[in-house]
Structures are given as structure tokens and as C-alpha cells.
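# Sequence and predicted structure, then a few things I'm wondering about:
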Amino acid sequence: MADDGIPWINPIGGLGDTLMVSGVLKQVVDRDPSKKFNLVRRTKYLSILKGHPAIGRIGYPPKKARIMDVTYWSLETLGPGLQRPYQILARAFGLPTPVEEKLYVPWDLAEDPILHNMIPWKKPNIVIAPASDSPRKVMSPVIWHRLVDFLRADGMFVMQVGRIYDQHIRNAYCLLGLTTPRQLLSLLRKCDLVITSDNFIMHAAHLIDKPAVVLWGPTEHKMYGYPEHIHIQMPKSCKLSKDEDCIGSGKNKGETVYAKPCPMGPRHCLDQVRPEMIHETVKKALWKKPHALPNTAVLPE
């Protein structure tokens, strides 16, 4: 394959990272419609980037092709404000920052009648997404079990989304492995609220402007979260400072930490969350009591 001189994008990370790259690319091409990038063919990421107006060719780069670095965690020091991942990616693609953090998918967010007709909808409808690529961002399933029991006792219909091999949460309507990213966005549009960890679903909720309660422990909502969501940020029990995270680029050299469970065992920060507190937060969000619902709820140590 001949080199056409167009830079290549090699997606790395989770689908949430890809949504950010997609959003930045859309802003780049909106400013300059002649701007194009080639995409390294990797099956996982085609569900988000195939058909993107900034993507010219999908395939495999020739030797000496220019590869755009989208690993924001290695480009600059992460932090709040201008050091958030989206802002770092924007600068990597030549955009002046700050920019609005708008995510993007290259398709219409229409309903999926086949998927929707198979679900026994009630009111309100809650989607939970407990899983993450990193076990350190995952809360104990025992806490999720109790939370689902509380929600169901209030008459809420609870659906669980994720990958087919994720652990099923008891009494949640199981959709594990049954949705593509496109179907998942369609599903989220129809639900009333999302409860999620720091994962793709959190970014997807921002994309479609869906209310969400997001659970944070090793990562910080000020760096990765979105201001319209309700954040439950757990204090760390591993002596890291408030703005550090145990799976960031400084601690995850060689990518040896991200995929390993927390060494704190039962003191893992996310396992200190009380399901009653999440339950009360969800009820306040659904009942729209802004005076009783801070943007961020931090539990005491």
C-alpha cells in the first residue's frame, strides 16, 4: 500500500477513549472539511469510527507512515481543567483549548425496534453498568446486588448492560453481550437513569445527555467525569493524594497495574460505598430535587 501522506490513527484503550477521539475528530473536520485521517483497521473500534467524516481510509499503514498518538495519558500530565483527557487530545490534533467536550458517533441515534420490543419496560427504567476493563474501577458485586434489591423494592425496572463475560448482578434484567455500541446508545436513550462505574457507559450517557450516577474510586471525576452527572467519589485508602490515581500513567508503567485487582483487598476504595447511599442518590435524581442533590457526593473516610 502506497503512503498517501495522510496521518494514521491507531485507536488504543477503551471505547470511552474512542468516543473522545471521535468527538475531537469531528471538531477538527468541522473547522476544516478538507482535513482527513486514515484509520488502522482494528475490529473493536470500527463500531465507533467507521463512517466518520474525518476518516478517509481504513486499513493498514505502510512503512514510515505517520501515526497520530492518541494515548492522552502519555502525552501530558493528567489533571482537571485543561489537563483533562479530551483537552489533551484536542491539542494533539491542533485545536486551541479549551474546547467544548462534545462526543460524536457517525450515525443517527434512532430506536432499535427489535431490541426495544424484547424488553418488558416499566417506569422508571434504570440501566446499570458495573464492569470496567480495569478491576480497580469495579465495585463489589455484593454491593450491586443489594442496590438492585433496593431499586426493585421501589418499583424500578433495572437492566444490566455490558459484555457477555461480565458478572451478572442478581435480579437485574440481563442484557450482557446482547447489544452493540449502536444498540446500547439506543437503549440508553429510552431509559430514565444510568448507574455506572468509570467506563464506556459513562461516556455514552454524556453523549446522549442522559442523567447518570457515576461511582469513582481510583480515578477522579474532575479529570474524567462530566459536570452534568452526579458523582460519588470515594476517598482512597491506599495513601495516594486526592488528585492521584493508582492506574494512571505514572503508576501503570508497562501497563502492569491497570488489569490487576486492588492490593488493598477489602479496603478497596469502591468497596466502601454504601448501597443505601447510592439508592438515596438515585431517588433524589429521579424525583428531581436539585436542592438535595449535590453535583458530587463524597463519602467520609
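Perfect, thanks for sending it.
# got any ranges where the protein has weak pLDDT?
Counting by pLDDT under 70, the chain contains low-confidence ranges at 1-3, 239-244, 248-256, 289-301.
# can I see the domain layout of it?
The record, using automatic domain parsing to delimit domains, assigns the chain the ranges 8-92, 113-298.
# so residue 103, which of the three states?
Three-state call for residue 103 (DSSP: H, G, I helix; E, B strand; the rest coil): coil.
# the helices in the protein, which residues?
Secondary structure of the chain (DSSP state H): helices at 15-31, 43-49, 72-75, 85-92, 113-117, 141-153, 181-190, 200-207, 221-224, 275-286.
# can the ones you listed go into CSV with extra columns for distance to residue 56?
Heads up, the C-betas are built off the backbone N, CA and C, glycines and all. Formatted as CSV, the helices of the chain follow (distance: least, Cβ to Cβ, whole Å):
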stretch, distance to residue 56
helix 15-31, 11
helix 43-49, 12
helix 72-75, 23
helix 85-92, 18
helix 113-117, 32
helix 141-153, 43
helix 181-190, 22
helix 200-207, 24
helix 221-224, 30
helix 275-286, 42
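# sorry, back to before: would a markdown table of the domains of the chain with mean neighbour count be doable?
Below are those laid out as a markdown table (neighbours: other Cβ atoms under 10 Å):
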| stretch | mean neighbour count |
| --- | --- |
| domain 8-92 | 17 |
| domain 113-298 | 18 |
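# quick one on the thing from earlier: of the helices of the chain, which is nearest residue 175?
For the helices of the chain, the distance to residue 175 is smallest for helix 181-190, at 7.5 Å, taking Cβ to Cβ.
# Which strands and helices lie in contact with that closest one?
Secondary-structure packing of helix 181-190 (3 or more Cβ pairs under 8 Å, 6 or more residues apart in numbering; DSSP states H and E): helix 43-49, helix 113-117, strand 125-129, helix 200-207.
# can you list contacts of that helix?
Helix 181-190 has contacts (Cβ atoms under 8 Å, 6 or more residues apart in numbering) with 15, 47-48, 105, 107, 109-112, 115-116, 119, 121, 125, 127, 159, 161, 175, 179, 194, 200-201, 204-205, 207-208, 210.
# 6 Å - rerun?
Residues outside helix 181-190 that contact it (Cβ atoms under 6 Å, 6 or more residues apart in numbering): 47, 109, 111-112, 115, 204, 208, 210.
# Now flag whichever of those residues is closest to residue 35.
Each of the contacts of helix 181-190 was checked against residue 35 using Cβ to Cβ; the closest is residue 47, at 22.8 Å.
# Please determine how far the nearest residue to that closest one once chain neighbours are set aside is located from residue 120.
Nearest residue to residue 47, sequence neighbours excluded (Cβ to Cβ, 6 or more residues apart in numbering): residue 181, at 4.7 Å. Distance of residue 181 to residue 120, computed by Cβ to Cβ, to the nearest Å: 23 Å.
# quick one: which of the domains of the chain is nearest residue 101?
domain 8-92 (4.4 Å).
# residues contacting residue 66?
Contacts of residue 66 (Cβ under 6 Å, 6+ apart): residue 7.
# 7 Å instead, please
Applying Cβ atoms under 7 Å, 6 or more residues apart in numbering to residue 66 gives the contacts 7-8.
# how close does it sit to residue 7?
Distance, residue 66 to residue 7, using Cβ to Cβ: 4 Å.
# now swap in residue 191 and tell me
Residue 191 is 38 Å from residue 7, by Cβ to Cβ.
# again, but for residue 218
From residue 218 across to residue 7, the span is 33 Å (Cβ to Cβ).
# And for residue 259?
Separation of residue 259 from residue 7 (Cβ to Cβ): 29 Å.
# try residue 222
In terms of Cβ to Cβ, residue 222 sits 31 Å off from residue 7.
# sorry, back to before: could the helices and strands packed on helix 181-190 go into CSV alongside distance to residue 27?
Conversion of the helices and strands packed on helix 181-190 to CSV gives the following (distance: least, Cβ to Cβ, whole Å):
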stretch, distance to residue 27
helix 43-49, 15
helix 113-117, 30
strand 125-129, 27
helix 200-207, 14
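# Looking at those, which is nearest to residue 78?
Between residue 78 and those, the shortest gap by Cβ to Cβ is with helix 200-207, which sits at 16.0 Å.
# Touching the closest one from outside, list them.
14-16, 19, 103, 105, 129, 161, 184-185, 188, 194, 196, 212, 214, 226, 229.
# Using CSV, write down the CA coordinates of it.
Written as CSV, here are the backbone C-alpha positions of helix 200-207 (Å, rounded to 0.1, in the frame of the first residue of the first chain):
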residue,chain,number,x,y,z
PHE,A,200,-17.8,3.4,28.2
ILE,A,201,-21.4,3.7,29.5
MET,A,202,-20.4,6.8,31.5
HIS,A,203,-19.1,8.5,28.3
ALA,A,204,-22.2,7.2,26.3
ALA,A,205,-24.5,8.8,28.9
HIS,A,206,-22.8,12.2,28.3
LEU,A,207,-23.0,11.7,24.5
